[in-house]
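*Asks:* Got a predicted model here, sequence first, then my questions.
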There are 2 protein chains.
Amino acid sequence: MNMRAIAQQAGVSSATVSRVINGSPLVKEETAQRVREILERVNFIPNPVATTLKYGRSKTYGLIVPDISNPFFSEFLVEFEDLLAETDYEVLLTNVQSSSKLVKSVRRMLMRQVDGAVFMASEYDTHDVEPLFLHKIPLVTIDRRSVQAGCSDVAIDFEGGYQQAVQHLRELGHKRLGYIGGTEALYTSRVRAEAFRMAVVNSGLCYYPNLVREGDYRVVGGERAIVSLFQETPRPTAILTANDLTAFGAIRGLHNMGLSVPGDVSLVGLDDVLLADVLQPPLTTIRIPRRQMAEACLKALNHTRENVERLGLRYCVPAELIVRESTARVTESTH
Amino acid sequence: MNMRAIAQQAGVSSATVSRVINGSPLVKEETAQRVREILERVNFIPNPVATTLKYGRSKTYGLIVPDISNPFFSEFLVEFEDLLAETDYEVLLTNVQSSSKLVKSVRRMLMRQVDGAVFMASEYDTHDVEPLFLHKIPLVTIDRRSVQAGCSDVAIDFEGGYQQAVQHLRELGHKRLGYIGGTEALYTSRVRAEAFRMAVVNSGLCYYPNLVREGDYRVVGGERAIVSLFQETPRPTAILTANDLTAFGAIRGLHNMGLSVPGDVSLVGLDDVLLADVLQPPLTTIRIPRRQMAEACLKALNHTRENVERLGLRYCVPAELIVRESTARVTESTH
DNA sequence: CTGTTAGCGCTTTCAA
DNA sequence: TTGAAAGCGCTAACAG
């Protein structure tokens, strides 16, 4: 069933049917009415593939994530998909666990004629996404903190988030703060690490470089790091992490060492994934608002879609400390 | 850059270029060589949209899930996407939290000309997916346990899984087993509940209907159910659940009631999501093999793609008990 | 072995 | 206010 068939039924041309469907004001209301009736009756489903072929517009946005089984990304995807569905856009999702998958992923985006892409897998060389640039595909990066023509950025206010967390810990009497970051090769990891350092210094506390460890944004990295961290003396009394999975790993590591949270050490995560308040203890964490991020990405994409030569937008989403039960007043034993 | 352009460069026709790209044996090796060289040199990216328009084949499979932020589904998606990427297929993902979103989701699948769809959101009326049938789209349902022309089913061996779990608990001395299921309206929930009942009976234990509660496959449902369940006397000494999130909720509920797992009650989950061994205590659970499920879905899809009139395939993926630390020998206090 | 050609369904000029 | 027609890029049928 296509527009020509509808047109025949209505005794008009397919051009008119197209106009009716797209809400053109040029069609006489009477004609439009008749066409709409038939459209309804046969439950017409238009074929956007034809439009994509003709105009290169696919109503599809690419989303490149490093690991969709990380709750932060899947929770982001929920919001992103939901927003896109409202306007009949689709998500072309690629999960890139390796650099070679990224190269293929970019190729797939190009083949499918995406109208833009969100690049959340900044652990990989941005060199690999260059083909998207060359083909004038509007891009949004997350937390790369620089923009250019056709490329926007959505930053996360780690600085504000860590500041709140450090302040909270200071009020609980903590003075020796540790930090488990992400993969150091990653720019966003360095941004987070530096935001932690600044928060400590700004709060008038002492920054101990020996209480900082590298993680990998996953559970294992957090677990490994905490073990190493607890070989330092004196030990930290509280630890901040680069994301919630890292904090989960730290909790497990501490548990295996016979230590408890927050009894022996306070712990702060980052993301506020859905399970953050399900683990024991419920995790004090810095919430990154997924919905707002998705909205910012979409706005940025729409902005540059109109004109790719245009300088990308710069957004910054706020972070908010959520106090639960993994942080507590410093005690004798941790002191 | 299209095939005609390549053809000109190579001094052949676009048909020949097409043949080379698709590996037709009809092209003289010498010609093919020349074309391939140019293809390489200009890094040609074919436009599959044209093929989709011409033949209605999109190299896209739809995936309808009720909640992609549920780790089980996102972990399934990782596998499914990974398998599809190997053959340049794409996933059209829709997250359907409501029946109205399902209707729209089905429409989107139809518009985008999916070559098939996996329907994992069986909480909704299958009536809503009927348009897919009418348009002859190969379907795969999960655990509906019936097939028909063009519609395959991938079942999960809950029976075997629960049997192993009950056996394990019986060996630990448990006799009064409770169960927290899924939404009762759902067929798959009834299958799970019945599988639990049979496992209990087959193990020579007594089945207590008053120790069975409804959940919602989410944390809150598990939490609510456990509270209600613990008003029964005598209490169950061990509890099985319909999925891991339910078990997580149960742990939280128990914790809030001042009870511990497995000290006061043993607990068995189902799914084995990545975080199952991160929570305290690490969850004894029944693993559903995601990779195998994804493979079965794909095989089924490929099977019916050739001929939609063909009866769908019937797969059953095994379930395996993973013993961790949320189950223990029954003690005086729980006895 | 290779080229010519038609046509998938849509939208948008241009003409009436 | 409407219609005719072109053309997006590809592939398969057919002709040579």
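*Replies:* That came through, no problem.
*Asks:* what does the stretch 51-200 of chain A have sitting close to DNA strand D?
*Replies:* A:53, A:54 (C-beta under 7 Å from any atom of the strand). All C-beta atoms are positioned from the backbone trio N, CA, C, and that covers glycine.
*Asks:* State the distance from the residue of the stretch 51-200 of chain A found nearest chain B to residue A:191.
*Replies:* Per C-beta to the nearest C-beta, residue A:74 is where the stretch 51-200 of chain A lies closest to chain B, at 4.0 Å. Look at residue A:74 and residue A:191: by C-beta to C-beta, to the nearest Å, they are 23 Å apart.
*Asks:* Pick out whichever of the two has more residues nearby.
*Replies:* More crowded of residue A:74 and residue A:191, by other C-beta atoms under 10 Å in any protein chain shown: residue A:74, with 26 against 18.
*Asks:* residues contacting the more buried one?
*Replies:* Residue A:74 makes contacts with A:68, B:68, B:69, B:71, B:74, B:77, as judged by C-beta atoms under 8 Å, 6 or more residues apart in numbering or on different chains.
*Asks:* Now intersect the residues you listed with the helices, please.
*Replies:* Judged by DSSP state H, helices contain the following of the contacts of residue A:74: B:71, B:74, B:77.
*Asks:* Looking at those residues, spot the one nearest residue B:46.
*Replies:* The nearest member of those to residue B:46, counting by C-beta to C-beta, is residue B:77 at 26.1 Å.
*Asks:* can you list the contacts of residue A:74 in JSON lines and add pLDDT?
*Replies:* Compiled in JSON lines, the contacts of residue A:74 are given as follows (pLDDT from 0 to 100):
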{"residue": "A:68", "pLDDT": "96"}
{"residue": "B:68", "pLDDT": "96"}
{"residue": "B:69", "pLDDT": "95"}
{"residue": "B:71", "pLDDT": "97"}
{"residue": "B:74", "pLDDT": "98"}
{"residue": "B:77", "pLDDT": "98"}
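*Asks:* Please name the spatially closest residue to residue A:82 (chain neighbours excluded).
*Replies:* Distance criterion C-beta to C-beta, 6 or more residues apart in numbering or on different chains; nearest residue to residue A:82, sequence neighbours excluded, is residue B:95 at 6.9 Å.
*Asks:* nope, residue A:216 is what I was after
*Replies:* Closest residue to residue A:216 apart from its sequence neighbours, by C-beta to C-beta, 6+ apart: residue A:183 at 5.5 Å.
*Asks:* wait, doesn't that neighbour sit right on residue A:218?
*Replies:* No: with contact defined as C-beta atoms under 8 Å, residue A:183 does not reach residue A:218; the gap is 9.7 Å.
*Asks:* so where does residue A:227 fall, helix or strand?
*Replies:* Assessed by DSSP states H and E, residue A:227 sits inside helix A:219-229.
*Asks:* Residue A:199 too?
*Replies:* Assigned by DSSP H and E, residue A:199 belongs to helix A:187-202.
*Asks:* Look at the residue nearest to residue A:216 and report its pLDDT.
*Replies:* Listed pLDDT for residue A:183 reads 92.
*Asks:* Spit out the contact partners of it.
*Replies:* Residues counted as contacts of residue A:183 (C-beta under 8 Å, 6+ apart) are A:123, A:189, A:214, A:215, A:216, A:217.
*Asks:* quick one: which of those residues is most hemmed in?
*Replies:* Result: residue A:215 is most packed of the contacts of residue A:183 (other C-beta under 10 Å), 28 neighbours.
*Asks:* those helices in chain A, which residues are they?
*Replies:* For chain A, the helices defined by DSSP H cover A:3-10, A:14-21, A:29-41, A:48-55, A:71-86, A:99-111, A:130-134, A:158-171, A:187-202, A:219-229, A:244-256, A:290-306.
*Asks:* and stretch A:246-263 with chain B, contact?
*Replies:* Yes: applying C-beta under 8 Å from any C-beta of the partner chain, one finds that stretch A:246-263 is in contact with chain B at A:248, A:249, A:251, A:252, A:255.
*Asks:* I figured residue A:254 hits residue A:266, correct?
*Replies:* No: here residue A:254 does not reach residue A:266: they are 11.0 Å apart, not a contact under C-beta under 8 Å.
*Asks:* These two - which one has more neighbours?
*Replies:* Shown here are residue A:254 and residue A:266; by other C-beta under 10 Å, residue A:266 has more neighbours (27 against 23).
*Asks:* Identify the residues contacting that one.
*Replies:* Taking C-beta under 8 Å, 6+ apart as the test, what residue A:266 contacts is A:169, A:172, A:174, A:237, A:238, A:239, A:284, A:326, A:327, A:328, A:330, A:334.
*Asks:* Neighbour-wise, which one of those residues leads?
*Replies:* So for these (other C-beta under 10 Å), the most neighbours sit at residue A:239, 33 neighbours.
*Asks:* What residues does chain A have near DNA strand C?
*Replies:* Chain A comes close to DNA strand C at residues A:2-4, A:14-15, A:17-19, A:21-22, A:46-48, A:50-51, A:53-55, as judged by C-beta under 7 Å from any atom of the strand.
*Asks:* redo that, cut-off 10 Å
*Replies:* A:1-7, A:13-22, A:24, A:26, A:44-55, A:57 (C-beta under 10 Å from any atom of the strand).
*Asks:* Any of those buried? List them.
*Replies:* A:3, A:6-7, A:16-21, A:44-49, A:51-53 (16 or more other C-beta atoms under 10 Å in any protein chain shown).
*Asks:* So for the contacts of residue A:266, which is the shakiest by pLDDT?
*Replies:* If you rank those by pLDDT, residue A:334 sits at the bottom with 45.
*Asks:* Nearest to residue B:272, out of the contacts of residue A:74: which one, please.
*Replies:* residue B:71 (9.8 Å).
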